[in-house]
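**Student:** Return atomic coordinates for the entry below.
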Amino acid sequence: MESEGVSRPLIHEHVMMPWNDLRKGDCCGRLKAISDGYYCKRCDFFVHRRCVDESSECIEHPSHSIHTLQLQSKQGHNCNLCDMSIVNLCYRCEICDFDVDLFCAKYPPPEVIDIYETHHHKLTRLKQEIMFGCDAKCGPCGKKIWDGFPYKCHECDLAFHVECVWNPSEDKHLSEVNHIYHPLHPLKLHTGQPPKYSDGKYRLCARKIDDRLFYHCSSCNFSLDMRCVLNTPPQSVMDLKAHAHQLIFRPRLDSFTCNACGLSGDRSPYICVQCDFMIHQECLSLPRIININRHDHRVSRTSVLGVVNSVCGVFREKVDWTWGGYSCLQCPGYVVHSKCAIRDDVWNGKELEGVPEETENIEPYVVIDDNTIQHFSHKEHHLRFHINSFLCEENKRCSACSHPVCLQSFYGCMDCDFILHQMCAESPRRKWHVLHNDRLTLVTSVTDYFQCEACRRISNGFMYQCGDKELDVLCGSVSEPFVHPSHPHHPLYYIPAVEDTKCNGCNRWTPNVLTCIESGCGFVLCFDCATLPQVVKHRVDDHPLSLCYGEEAIGKYWCDICEEETNPKTCFFTCKDQQAHQYLLGDFAGLMPRSTPNLFNRPFEVVFNNSMSRPFCRVCQSRCMYPIILKMLGTSNLYVCSFECVAYADYL
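**Tutor:** This next block holds a predicted model:
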């Protein structure tokens, strides 16, 4: 029966079901006009019926007459005839290490071929594999030919990929098609680059012509890709998510502005004549309700933004309020451009229409009275509020960020030494963040240590986590607009960027920065500099050192800790005549003293560097200069001063 499973042990290990699917087969790696076949749902494995039913265990092939070829599964190999990657199955000679894919097994390339429309000489198939130089390029596609058995014109000394000049088809439908959106002439199968007179894009979908196979009518300059041939856009759609009326497809070259996103288009929109409404094909599928990673509430698709002088919540550029986009129902004035909202680095791909909104409590503590709270990370005791009562005591450290309580308000446990900065205590239990598309959860019990993906510092304090994404509590608490003392006049925003940007605080190139969007400003700050403490204590000075954000200086500045020159135009710590690099805290400032993390499979104890004589580092043999260092467990005086030294400690 047709509905029963089919067993093909030579083809696949599981029973497959009869299936129709317009996609490339895992048998031959090619599309077929009639693509009925067999499918294994367990493996997502699809093969064409013709490839399976007509494949025998062994064959004799003219390209390799000396030995019999056997049917095998050889992923990762290339066909020795056409050099295309073998998806799954091929005929193979183990003796000669010779592979032929199923297509070439059935249609072996001839020794001589005449393609007068592409080249004026006959082409000869090379019978021995040749390594070509870096300048050898295929005529039709323009891509390099490195090795293999291509066709060659000996008169012109030119080489051609087999698949660019030899495309036999067992279905005439594939070599020439009559298409509903181009009834005047049939479309012929072309290979290689588009004609020079073409605009380089397909007519219906506007994608760039970059495939080796496409359909083209030279009389009308009309091109279609294989996807549009096999999955033709419907002539009309009725989708209330996109528009209230029926939309008609218009396969023409027409300039228009899309009502859904406000961007221009130059071909093939869907239109509503009644409303003078026009929309890109891809905008038909815009989701209705979504979460984006830089806003606490859901945003909803609207046909007209309606907020004059509105600014996109992602790229911070002005949005035309007369077109469609996304807006927040709870925050008047917050809008996002349609294409910005569905970016891969902004949206998690989940449509939320009909999905109840999460209502769980994300408050981090319960208020007991005006000065007392119970934090969810320390439920056994209550915490009492204090205002700046400690003057940079190194042993009084926040359990969330691991930094000392230094001239900052904090909550202290009434029964033990547990302390939280006020800002850290107010960090929500779940939040959205610009660096991740799903909500992060505040984790308060880190068993060993982690490295923050935003600032690259290591820590064993609180962290925001979702899957493999881990941010320390300081970087995880960064939200837009971000106001920082180094740039007090304008707020900073996270603008997705393709290339690394140089931070004004540390002068380093980094992929993730917070940017000032004011015209002509150009100020950027990395997450490391953005989350530096404003005041620190170091043995170099009896007084607290304050973070300075750069200044114009005459002469040279010197760090009193490492005794090397500093750049006064970047961030540095200072107090009266004392200066220090912003890195004075060292690599282990995020680790809680007396904790015992395992770094590079070796156990260490986090200790204060506060003895009368600074110890020597076991690896670099220099005196440890940072306030927090590591001591190897099980030893009395073996110390390491930096993360780099830890990496090499195992070899000493």
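
**Student:** Just confirm Lys336 contacts Gly313, I think it does.
**Tutor:** For residue 336 the amino acid is Val, not Lys. Yes - with contact defined as C-beta atoms under 8 Å, Val336 counts as touching Gly313 (4.5 Å). Quick note: C-beta positions are derived from backbone N, CA and C, even for glycine.

**Student:** The two: who's more crowded?
**Tutor:** Counting neighbours by other C-beta atoms under 10 Å for Val336 and for Gly313 shows that Val336 has the greater number, 29 against 26.

**Student:** Phi first, then psi, for the more buried one.
**Tutor:** phi -140, psi 140 (degrees, to the nearest 10).

**Student:** residues shared between the contacts of Val336 and Gly313?
**Tutor:** Counting by C-beta atoms under 8 Å, 6 or more residues apart in numbering, the residues touching both Val336 and Gly313 are Ile292, His295.

**Student:** Can you get me a residue count around the closest residue to Val483 other than its chain neighbours?
**Tutor:** Nearest non-adjacent residue to Val483, counting by C-beta to C-beta, 6 or more residues apart in numbering: Pro491, 5.3 Å away. By other C-beta under 10 Å, 16 other residues sit near Pro491.

**Student:** can you start the count at 48 instead of 1 from here on
**Tutor:** Okay, using 48 as the starting number, the last item reads as Pro538.

**Student:** And Pro538, how far from Val520?
**Tutor:** Distance of Pro538 to Val520, given as C-beta to C-beta, to the nearest Å: 21 Å.

**Student:** So for the protein, the centremost residue is which one?
**Tutor:** When the chain is reduced to its mean C-alpha position, the nearest residue by C-alpha atoms, centre = their mean turns out to be Asp392, at 6.4 Å.

**Student:** wait, isn't that residue in contact with Ile542?
**Tutor:** No - contact criterion C-beta under 8 Å: Asp392 and Ile542 do not qualify, at 10.9 Å.

**Student:** strands paired with the strand or helix carrying Thr562, and their directions?
**Tutor:** Per DSSP states H and E, Thr562 falls inside strand 560-563. Applying DSSP bridges to the sheet, strand 560-563 is found paired with strand 539-541 (antiparallel), strand 571-573 (antiparallel).

**Student:** Name the residues that touch it?
**Tutor:** With C-beta under 8 Å, 6+ apart as the test, strand 560-563 has contacts from 525, 529, 531, 534, 537-542, 544, 548, 550, 569-574, 577.

**Student:** what do you get for stretch 256-274?
**Tutor:** With contact meaning C-beta under 8 Å, 6+ apart, stretch 256-274 is reached by 78, 187-188, 210-211, 214, 224, 226, 229, 231-242, 244-245, 247-252, 254, 276.

**Student:** same question, stretch 378-387
**Tutor:** For stretch 378-387, contacts defined as C-beta under 8 Å, 6+ apart pick out 307-310, 330, 333, 339, 342, 344, 346, 348, 352, 354, 357-362, 364, 366, 368, 371-375, 393.

**Student:** So what's the gap between it and the chain middle?
**Tutor:** Stretch 378-387 has its C-alpha centroid displaced from the chain centroid by 22 Å (C-alpha atoms, centre = their mean, to the nearest Å).

**Student:** for stretch 74-93, same thing?
**Tutor:** With C-alpha atoms, centre = their mean as the basis, stretch 74-93 stands 29 Å off its chain's centre.

**Student:** what does stretch 327-336 give?
**Tutor:** Chain-centre distance of stretch 327-336: 22 Å, with C-alpha atoms, centre = their mean.

**Student:** Alpha carbons only: can I get it in PDB?
**Tutor:** Only the C-alpha atoms of stretch 327-336 are listed here, as PDB (Å, rounded to 0.1, in the frame of the first residue of the first chain):
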ATOM      1  CA  HIS A 327       6.700  43.800   0.000                       C
ATOM      2  CA  GLN A 328       6.200  40.000  -0.300                       C
ATOM      3  CA  GLU A 329       8.500  39.400   2.700                       C
ATOM      4  CA  CYS A 330       6.500  41.900   4.800                       C
ATOM      5  CA  LEU A 331       3.400  39.800   4.500                       C
ATOM      6  CA  SER A 332       4.800  37.400   7.100                       C
ATOM      7  CA  LEU A 333       5.700  40.100   9.700                       C
ATOM      8  CA  PRO A 334       4.600  38.900  13.100                       C
ATOM      9  CA  ARG A 335       1.900  40.600  15.000                       C
ATOM     10  CA  ILE A 336       3.200  40.600  18.600                       C
END
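
**Student:** Tell me which of the contacts of stretch 256-274 fall in strands.
**Tutor:** Counting by DSSP state E, the contacts of stretch 256-274 place Val224, His226, His229, Leu231, His232, Pro233, Leu234, Lys235, Leu236, His237, Thr238 in strands.

**Student:** out of the residues you listed, which are buried?
**Tutor:** The neighbour-count criterion (16 or more other C-beta atoms under 10 Å) marks Val224, His226, His229, Leu234, Leu236, His237, Thr238 among the ones in strands among the contacts of stretch 256-274 as buried.

**Student:** quick one: which two of these are the most distant?
**Tutor:** Greatest spacing in these, by C-beta to C-beta: His229 and Thr238 (19.3 Å).

**Student:** how close does Ile676 sit to Tyr686?
**Tutor:** Per C-beta to C-beta, Ile676 is found 5 Å from Tyr686.

**Student:** Quick check: chain neighbours aside, which residue is closest to Asn395?
**Tutor:** Once flanking residues are discounted, Asn395 sits nearest to Asn484: 3.9 Å by C-beta to C-beta, 6+ apart.

**Student:** Wait, that neighbour touches Lys397, no?
**Tutor:** No - taking contacts as C-beta under 8 Å, Asn484 lies outside contact range of Lys397: 9.1 Å.

**Student:** With mean pLDDT, distance to Phe457 and mean neighbour count as extra columns, can I get the strands paired with strand 560-563 in a markdown table?
**Tutor:** Below are the strands paired with strand 560-563 laid out as a markdown table (pLDDT from 0 to 100; distance: least, C-beta to C-beta, whole Å; neighbours: other C-beta atoms under 10 Å):
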| stretch | mean pLDDT | distance to Phe457 | mean neighbour count |
| --- | --- | --- | --- |
| strand 539-541 | 94 | 26 | 21 |
| strand 571-573 | 92 | 25 | 24 |
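
**Student:** is it possible to export those strands to JSON lines including distance to Ile295?
**Tutor:** Below are the strands paired with strand 560-563 laid out as JSON lines (distance: least, C-beta to C-beta, whole Å):
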{"stretch": "strand 539-541", "distance to Ile295": "41"}
{"stretch": "strand 571-573", "distance to Ile295": "47"}
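
**Student:** Of those strands, which is nearest His201?
**Tutor:** For the strands paired with strand 560-563, the distance to His201 is smallest for strand 571-573, at 58.1 Å, taking C-beta to C-beta.

**Student:** give the contact list for the residue nearest to Asn395.
**Tutor:** Asn484 is in contact with Asn340, Asp391, Asp392, Val393, Trp394, Asn395, Gly396, counting by C-beta under 8 Å, 6+ apart.

**Student:** again, 7 Å this time
**Tutor:** By C-beta atoms under 7 Å, 6 or more residues apart in numbering, Asn484 lies in contact with Asn340, Val393, Trp394, Asn395.

**Student:** Among those, which pair sits farthest apart?
**Tutor:** Pairwise distances across those peak at 8.8 Å for Val393 and Asn395 (criterion: C-beta to C-beta).

**Student:** Between the two, which is the more surrounded one?
**Tutor:** More neighbours surround Val393 than the other of Val393 and Asn395, with 22 against 14 (other C-beta under 10 Å).

**Student:** The more buried one reaches His342, doesn't it?
**Tutor:** No - using C-beta atoms under 7 Å, Val393 makes no contact with His342, being 9.9 Å away.

**Student:** Between those two, which contacts overlap?
**Tutor:** Common contacts of Val393 and His342 (C-beta under 7 Å, 6+ apart): none found.
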